[in-house]
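J.: Pasting the sequence and the predicted model now:
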Amino acid sequence: MSFQWSEDISVNVRRFDYQHQKLLELFDQIGEQISHCSEFSDFDYLFEELREYANYHFQSEEKVLKDANYPHIGKQIIHHNNFLKKIDEFRGKFACDKDFIGDDVKIFLRNWFYHHVKTVDKQYGDFLNALDIF
Ligand SMILES: [Fe+2]
Ligand SMILES: [Fe+2]
């Protein structure tokens, strides 16, 4: 299972498309480690990196949307917080059982990301473009 960015998930704001591509790269690295049954320390490092980058991306979106008085920012924040909470849960499970949930992680990342970008992030594209933010 690999994580691909393509034009059909573009949100039409360059910096956020770029950040989504970076997130997908991190998902891919985690997927690779899961496939190769890597050491716990590798997973923990990748989860930390993913959490940090995801948090950076979410804060970037939320700041731009807040400054633009975007009306649907509440939904963004709820989705973003749920993602971070789930990542923390996965990290906690790795800590007590490293044989676990590789597929759960990959399925969650895939489902959450494509659903969020296609249904929630894509909504802000037209709104920001109308304010000359591309
Ligand atoms: Fe978002
Ligand atoms: Fe996003």
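T.: Nice, I can see it. Ligands and ions are numbered 1, 2, ... in the order given.
J.: Go through the longest helix out of those in the chain and flag the buried ones.
T.: Longest helix in the chain by number of residues (criterion: DSSP state H): helix 40-67. Judged by neighbour count (16 or more other C-beta atoms under 10 Å), helix 40-67 contains these buried residues: Phe43, Leu46, Phe47, Leu50, Arg51, Ala54, His57, Phe58, Glu61, Val64, Leu65. Where you see a C-beta, it was placed from the backbone N, CA and C, and this is true even at glycine.
J.: helices or strands next to that helix in the packing?
T.: Here helix 40-67 touches helix 14-35, helix 73-96, helix 122-130, going by 3 or more C-beta pairs under 8 Å, 6 or more residues apart in numbering; DSSP states H and E.
J.: rerun that using 6 Å as the cut-off
T.: Counting contacts by 3 or more C-beta pairs under 6 Å, 6 or more residues apart in numbering; DSSP states H and E, helix 40-67 packs against helix 14-35, helix 73-96.
J.: and the chain, which of its residues are near ligand 1?
T.: Glu61, Gln76, Asp121 (C-beta under 5 Å from the ion).
J.: One more pass at 8 Å, please.
T.: Phe16, His57, Phe58, Glu61, Gln76, His79, His80, His116, Val117, Val120, Asp121, Tyr124 (C-beta under 8 Å from the ion).
J.: and the two most separated of those residues?
T.: Spatial extent of the residues of the chain next to ligand 1 (C-beta to C-beta) is set by the pair Phe16 and His79 at 14.1 Å.
J.: what's the distance between the closest residue to Phe94 other than its chain neighbours and Asp28?
T.: Closest residue to Phe94 apart from its sequence neighbours, by C-beta to C-beta, 6 or more residues apart in numbering: Phe43 at 5.4 Å. According to C-beta to C-beta, to the nearest Å, Phe43 and Asp28 sit 14 Å apart.
J.: One more: Phe58?
T.: 20 Å.
J.: just Arg15 next, same as before
T.: Separation of Arg15 from Asp28 (C-beta to C-beta): 21 Å.
J.: before we move on, what about Asn69?
T.: From Asn69 over to Asp28 (counting by C-beta to C-beta), the distance is 35 Å.
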